[in-house]
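A.B. asks: kindly return the folded structure for what I paste below:
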Amino acid sequence: MANGKGGRGGKGSKSGGTAAAVEALVSPVLAEMGLRVWDVRFEKEGPDWFLRVYIDRDEPLDMNMCETATRAIDPVLDEADPIQQSYYLEVGSPGLGRRLTRDAHFEILRGRKVSAHLIRPDETGARDVSGTLLGKEGTDVLLERGDGTRFSVSEKDASYFKLCDDEDLF
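C.D. replies: Numbering: from 1, shown residues only. As a prediction, this is how the structure comes out:
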């Protein structure tokens, strides 16, 4: 789910610091609405730049909430003007198969089924592994298979970790 916003302009950087600056600006506004920032990405696609703010909450999101969130953070971004070039603002859900990229994600999704795509195959030759998320210890993600076997995957050994909520849809 995403809501587009027309081109915008401002003064600021276009580096990875842009996403952090935007997150710091919009997080308090969204928290007042019972929402949390899942991720912020500032990405170039073709000639255009997109500021994507992914939001989450404990209950399902709908388009109306994404639109309400967009209307709430738009004036904050206009006032602070953290981005130099023109861009499109999109506010939406990270989706069912959302990627886990922050320590907070691993905490929020503890007890849920997640999968990891390994950079190199494991001892059985598998590159995709999954299990119930038990948590994180340092850079190791702790998982449990359906048979009760516990194992860990180091963050450096995986291309990504993602929620497996979309499995049951297919």
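A.B. asks: and for D122, the neighbour number?
C.D. replies: Residues lying near D122 (other Cβ atoms under 10 Å) number 14. Where you see a C-beta, it was placed from the backbone N, CA and C, and this is true even at glycine.
A.B. asks: err, D56, not the other one
C.D. replies: 17.
A.B. asks: residues touching I55, list them.
C.D. replies: Residues near I55 by Cβ atoms under 8 Å, 6 or more residues apart in numbering: 30, 35-38, 61, 65-66, 69, 91-94.
A.B. asks: state the helix or strand in which it lies.
C.D. replies: strand 48-56 (DSSP states H and E).
A.B. asks: just after that strand, pick out the following helix or strand.
C.D. replies: helix 63-80.
A.B. asks: and the helices in this structure, which stretches?
C.D. replies: Using DSSP state H, the helices of the chain run over 16-32, 63-80, 103-108.
A.B. asks: thinking again about what came up before, and the contacts of I55, which are buried?
C.D. replies: Those of those that meet the buried threshold are 30, 35, 37-38, 61, 65-66, 69, 91-94, by 16 or more other Cβ atoms under 10 Å.
A.B. asks: okay, the helices of the chain in CSV with mean pLDDT and distance to S152 next?
C.D. replies: What follows is those, written out as CSV (pLDDT from 0 to 100; distance: least, Cβ to Cβ, whole Å):
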stretch, mean pLDDT, distance to S152
helix 16-32, 94, 28
helix 63-80, 96, 35
helix 103-108, 94, 12
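A.B. asks: if I look at R99, how far off is E123?
C.D. replies: 25 Å (Cβ to Cβ, to the nearest Å).
A.B. asks: neighbour count winner among those two?
C.D. replies: Comparing R99 with E123 by other Cβ under 10 Å, the one with more neighbours is R99, at 17 against 5.
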